[in-house]
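# this is a predicted model, with the sequence first.
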Amino acid sequence: MRWCRFRGLAAPGGRPDAARFGVVEDDETVRPVDGDLFGEFRPRDEWLSLTDVELLPPVVPNTFFAVGLNYTAHIHHAQARGMTAAKVPERPEVGYRANSALVGHGAAVVKPADCAGRFEAEAELVAVIGRPARRCTREQARRAVFGWTIGNDVSARDWQHTDRTLWRAKNSDTFKPMGPWIETDVDPMGSRTLVAVGGDTVAEFATGAMVFDPYDYIVEISRYITLSPGDVLWMGTDAVVEMPVGKALGVTITGIGTLSNPVVQEM
């Protein structure tokens, strides 16, 4: 099943509709639902064309977990750029990102006016938590995952290397596209991730070729932190791609879909 979060397109000069959840059917229509995405729900007798709605980030997480340096090629890329701390991790460790940076499929990524240097995309698998998880086993970690979506961990490298924290390099407004929906019926460990710039594929890798997989991370996190329904875990990337202004950056994970966002310059 494919779950989305959406709102109707606003008429010129009008106010946008409120956000709703829905089920994507045959990749063309959305059937709105009443109720809780992670609990009881009831489909409505209503069908909307995907072309008539705005797809929003499929969830707004209570906690936005993010993994770094979880693929060997990314680690080697960072080392080649002079990042001496980039080493193959010995255990699963996680960081955080800001909800305020989230945007949905089709929304513009805005490059800040004073952002110089490398402006890059990191194509990532995202696990969406569907039930509380605390001190869980690996099997319980599997059952805690509601489904999977796609993220683009937009990164401003000069800021990343000169600021004391990642506060603006990773968390500026629009720097975290996520979507287009949540797919519940896929095992992404066998998927392929493809990255396209302006419609041309520039990178591809095995999605599951991680140092530690999502369940390793959920087991480790849940030893100390309770994961809640709607939390997301971004799993890192094996490809770092320049994001040129004026073109769209697309991330496809087979079995899930494609997340695409145009890149624009702040005026």
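All right, it came through fine.

# show me how this protein divides into domains.
For the chain, automatic domain parsing gives the domain ranges 2-54, 64-265.

# switch the ones you listed over to CSV; also include mean neighbour count.
For every residue, glycine as well, the C-beta is placed using N, CA and C. Compiled in CSV, these are given as follows (neighbours: other Cβ atoms under 10 Å):
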stretch, mean neighbour count
domain 2-54, 14
domain 64-265, 19
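
# in CSV: these, plus mean pLDDT.
Output for the domains of the chain, formatted as CSV (pLDDT from 0 to 100):
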stretch, mean pLDDT
domain 2-54, 91
domain 64-265, 95
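
# in its sheet, what does the lengthiest strand in the chain sit against?
Ranked by residue count, the top strand of the chain under DSSP state E comes out as strand 119-129. Strand 119-129 sits in its sheet next to strand 145-152 (antiparallel), strand 155-156 (antiparallel), strand 232-234 (antiparallel), strand 240-242 (antiparallel), going by DSSP bridges.

# quick check: what element follows the shortest one along the chain?
Taking DSSP states H and E as the definition, the helix or strand that follows strand 155-156 towards the C-terminus is helix 157-162.

# what pairs with the helix or strand just after that next one, and is each one parallel or antiparallel?
For helix 157-162, the succeeding helix or strand toward the C-terminus, using DSSP H and E, is strand 176-183. Strand pairing for strand 176-183, using DSSP bridges, gives strand 2-8 (antiparallel), strand 102-103 (parallel), strand 145-152 (antiparallel).

# now strand 176-183: how far from the chain's centre is it?
6 Å (Cα atoms, centre = their mean, to the nearest Å).

# same deal with stretch 246-264?
Chain-centre distance of stretch 246-264: 11 Å, with Cα atoms, centre = their mean.

# straight-line length of it, end to end?
Taking Cα to Cα, to the nearest Å, stretch 246-264 runs 6 Å from one end to the other.

# from Ala248, how far off is the residue nearest to the spatial centre of the chain?
Ranked by distance to the mean C-alpha position of the chain (Cα atoms, centre = their mean), the top residue is Gly151 at 2.1 Å. Per Cβ to Cβ, to the nearest Å, Gly151 is found 16 Å from Ala248.

# the stretch 1-150 of the chain: strands as residue ranges?
Secondary structure of the stretch 1-150 of the chain, counting by DSSP state E, counting those that start in this stretch: strands at 2-8, 20-25, 29-35, 41-43, 48-49, 53-56, 64-66, 95-96, 102-103, 109-111, 119-129, 145-152.
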